[in-house]
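Chemist: Prediction below, plus the sequence it came from.
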Amino acid sequence: MTEPTNSEDWSLHAYADGEIAGQESRALDERLAGDPEARAKVEAWRRQKALLREAFDPVLDQTVPANIKAALRHHRGFSLSPYAIAAALALLIIGGAAGWFTSLQMNAPEAMQFADLAIEAHEVFTREERHAVEVAANDSEHLTSWLSKRIGQKLVVPDLTARGYTFLGGRLLAAGTQPAAQLMYEDQAKRRITIFLTANQAGAESKFIVEEKRGITACYWLDGPLGFVIAGEQSRDDIMSLAHMVYKSFES
Amino acid sequence: MNFRADLTAEIPYLRRFARGLTGDPALADDLVQDCVERAMVKSHLYDPTRPLRAWLYAVLRNIHVSGLRRERRAGIVKTVEDLTGPEAMLRPTQEGGTLFLQVASALDRLPDQQREVLILVAVEEMSYRDVAEITGVPVGTVMSRLSRARSALRELIGEEAKPSLRRIK
C-alpha cells in the first residue's frame, strides 16, 4: 500500500472524482497535459471506478425483492390513503350536525376507516408495556415540539389529572402519508386512554361523534386546524367527559 | 409528505451500496430491508433540506457497522463460502455475476474503513463532504482512506483488471 507522497496526489484524487471545479480544474487540466505520470494515475483511478461500477451497477435494474418492499409498510401505525382520510373527514363534517354528546350512525366505509385508525393504534400500543410510547412524559417538552413540528400545528398535552389520568408520553404515527400523534394516559387502575391528533387540512369544525368497536369507545371531532380522536375501553360517559377536557385544553 | 415514495425510489441505490459494503447479495438485501424499516420508523429524524440518499446511506452504514461489531464480538469470521452465496451460484455464467464475485472478493481484503470510502466515492459518487458526514470522520481522513483503498485495490486486481478478469471466465 502506498501513501500519497505529496500534496499533488490529493488534488489528483479530487480531480479524478470531479471534486474540483472552475479555475483550479483548468489549472490541473494544463498540468496533466504536460505530466504523463499524473495523467496515468488519474486514468487508472477512473478505470478502477468504471470497473467497480460495472460490478455493482447491474443490481440497479433488478427487481426489488418482496421483503424489502414489505419493509416500506413497516412503521408505527397503519396505512390509509389520504383520499380515504379526506373523504372520512368530509363525512365527519356532515355528521357533525347531529350535535354534542350524540352517537351518530355512519354507514360510509370511509368514516369507519377513519375511526379504525385511532382504535387500531389504541389497541396496538396500549398493550405495550416497555414500548408503549416513543417519547416518555418526562421529556414532554421535546415531545410536544417534535410532534407539533411534524403535524404542522401547535400541540399541547392536555392535563387529565382531574379525571385521574397520568400522562405517559406519545409517539408519531403514520396516517397514510400524513403524520399523526398519539398521546397516552393511564389511571391508577392501569386503564389507558389514547388521544390521536392529526392535521385537519380542510380546517372545518365538527361536533363530537362516538363510535364503539371491539369494546373500545372512540370519540372524534374536528376543531379548526386539528382532528382529534380519543379512545379507550372506558364507558361512553367517561370518554365523552375526557373528550370535553381535551377539547377545552386546545381552546386558547 | 412523500417520504415513502422518495424512499422507494432510492431502494435500487441502497441495494447497490449494500452490495458494495458486504459483497454478498443476500446479506446486502437483508441490510437494505433493515435500513428501509428503520428509515420508515425514523423518518421524522430526516432533515428534508438535505439529500435523502446521503441520509439513507448513513442509516444503512450504521446498521452495517454495528452488525460488524456484533460479529467481531461473537468471533464470526467471513469465509470464502460466504462470498459465493446462493445468488452467485444461481447465475455463475453471467458476466455481471463473475465480475461481481471477483471485485467483491478483492474488496473483502480491504479494511472496512477503506472499503466504505472507496464504494461511496467510486460507485455511489458521493462528494467527499457527504462521505465525511456518512462515515463520521473529517474530509482529510476520507481522502487518505480513499487513496489507500485505491492503491490497495490496484494491487489486488491489477492494473489491467478488466481484461484479466474476463479471461478468468
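Modeler: Nice, thanks for sending it over.

Chemist: For residue A:230, identify the helix or strand it belongs to.
Modeler: Here residue A:230 is covered by strand A:226-232, with elements defined by DSSP states H and E.

Chemist: Name every strand pairing with that strand and say which way it goes.
Modeler: According to DSSP bridges, strand A:226-232 has the following sheet partners: strand A:192-199 (antiparallel), strand A:216-223 (antiparallel).

Chemist: Next, the buried residues of that strand.
Modeler: Within strand A:226-232, the residues that count as buried by 16 or more other C-beta atoms under 10 Å in any protein chain shown are A:226-232. C-beta: built from backbone N, CA, C; applies to glycine.

Chemist: So which residue is dead centre in chain B?
Modeler: Residue closest to the mean C-alpha point of chain B, counted by C-alpha atoms, centre = their mean, is residue B:21 at 2.5 Å.

Chemist: Report the mean per-residue pLDDT for stretch A:56-66.
Modeler: Taken as a whole, stretch A:56-66 carries a mean pLDDT of 93.

Chemist: now, of the strands paired with strand A:226-232, which is deepest in the fold?
Modeler: Each of the strands paired with strand A:226-232 was assessed for mean neighbour count using mean count of other C-beta atoms under 10 Å in any protein chain shown. The highest is strand A:192-199, with a mean of 24.

Chemist: Which residue comes closest to the residue nearest to the centre of chain B once chain neighbours are left out?
Modeler: Computed as C-beta to C-beta, 6 or more residues apart in numbering or on different chains, the closest residue to residue B:21 that is not its neighbour in sequence is residue B:64, at 5.3 Å.

Chemist: For chain B, spot the helix or strand the model is least confident about on average.
Modeler: helix B:86-90 (a mean of 41; mean pLDDT, DSSP states H and E).

Chemist: The residue lying closest to residue A:187 once chain neighbours are set aside: neighbouring residues, count only.
Modeler: Take residue A:187 and drop its neighbours on the chain: the residue closest to it by C-beta to C-beta, 6+ apart is residue A:164, 4.7 Å away. When neighbours are counted by other C-beta atoms under 10 Å in any protein chain shown, residue A:164 registers 12.

Chemist: The one 5 residues further on now?
Modeler: The number of residues packed around residue A:169, counting by other C-beta under 10 Å, is 19.

Chemist: For it, give me its contacts.
Modeler: A:132-137, A:139-140, A:143, A:183-184 (C-beta atoms under 8 Å, 6 or more residues apart in numbering or on different chains).

Chemist: In three-state terms, label it for me.
Modeler: Following DSSP: H, G, I helix; E, B strand; the rest coil, we place residue A:169 in the strand state.

Chemist: Mind jotting down where the strands sit in chain B?
Modeler: Counting by DSSP state E, chain B has no strands at all.

Chemist: Am I right that residue A:45 is in contact with residue B:153?
Modeler: No: Residue A:45 is beyond contact range of residue B:153, at 9.9 Å (criterion: C-beta atoms under 8 Å).

Chemist: Doesn't residue A:28 lie inside a strand?
Modeler: No: counting by three-state DSSP, residue A:28 is not part of a strand but helix.

Chemist: measure the residue lying closest to it once chain neighbours are set aside to chain B for me?
Modeler: For residue A:28, ignoring the flanking residues on the chain, the nearest one in space by C-beta to C-beta, 6+ apart is residue A:15 at 4.9 Å. Using C-beta to the nearest C-beta, to the nearest Å, we find residue A:15 at a distance of 12 Å from chain B.

Chemist: wait, isn't residue A:15 in contact with residue A:41?
Modeler: No: with contacts counted by C-beta under 8 Å, residue A:15 stays clear of residue A:41, the gap being 9.8 Å.

Chemist: coming back round to it: could the strands paired with strand A:226-232 go into TSV alongside mean pLDDT and distance to residue B:35?
Modeler: Converted to TSV, these look like this (pLDDT from 0 to 100; distance: least, C-beta to C-beta, whole Å):
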stretch	mean pLDDT	distance to residue B:35
strand A:192-199	91	27
strand A:216-223	84	35
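
Chemist: Can you say which of the ones you listed is nearest to residue B:138?
Modeler: Nearest to residue B:138, of all these, is strand A:192-199, at 41.0 Å by C-beta to C-beta.

Chemist: So which residues of chain A form helices?
Modeler: For chain A, the helices defined by DSSP state H cover A:7-16, A:22-33, A:36-56, A:66-71, A:82-95, A:109-126, A:140-151, A:236-249.

Chemist: which residues sit against the first one?
Modeler: Spelled out, it's helix A:7-16. When contacts are defined by C-beta under 8 Å, 6+ apart, helix A:7-16 is touched by residues A:4, A:19-20, A:24-25, A:28, A:32, A:38, A:41-42, A:45-46, A:49, B:128, B:143, B:146-147, B:150.

Chemist: how does it look with 6 Å?
Modeler: A:20, A:28, A:38, A:41-42, A:45-46, B:143, B:147 (C-beta atoms under 6 Å, 6 or more residues apart in numbering or on different chains).

Chemist: can you list the residues of chain A near chain B?
Modeler: A:1-2, A:4, A:10, A:13, A:17, A:19, A:45, A:49, A:51-53, A:55-56, A:58-60, A:64-65, A:67-68, A:71-72, A:74-75, A:150, A:172, A:177 (C-beta under 6 Å from any C-beta of the partner chain).

Chemist: Please indicate which of those residues are buried?
Modeler: The neighbour count (16+ other C-beta under 10 Å) marks A:4, A:10, A:13, A:17, A:19, A:45, A:49, A:51-53, A:55-56, A:58-59, A:64-65, A:68, A:71-72, A:75, A:150, A:172 as buried among those.

Chemist: Please, where are all the helices along chain B?
Modeler: Taking DSSP H as the criterion, chain B carries its helices at B:3-22, B:25-41, B:52-74, B:80-83, B:86-90, B:95-107, B:112-118, B:128-135, B:139-157, B:161-168.
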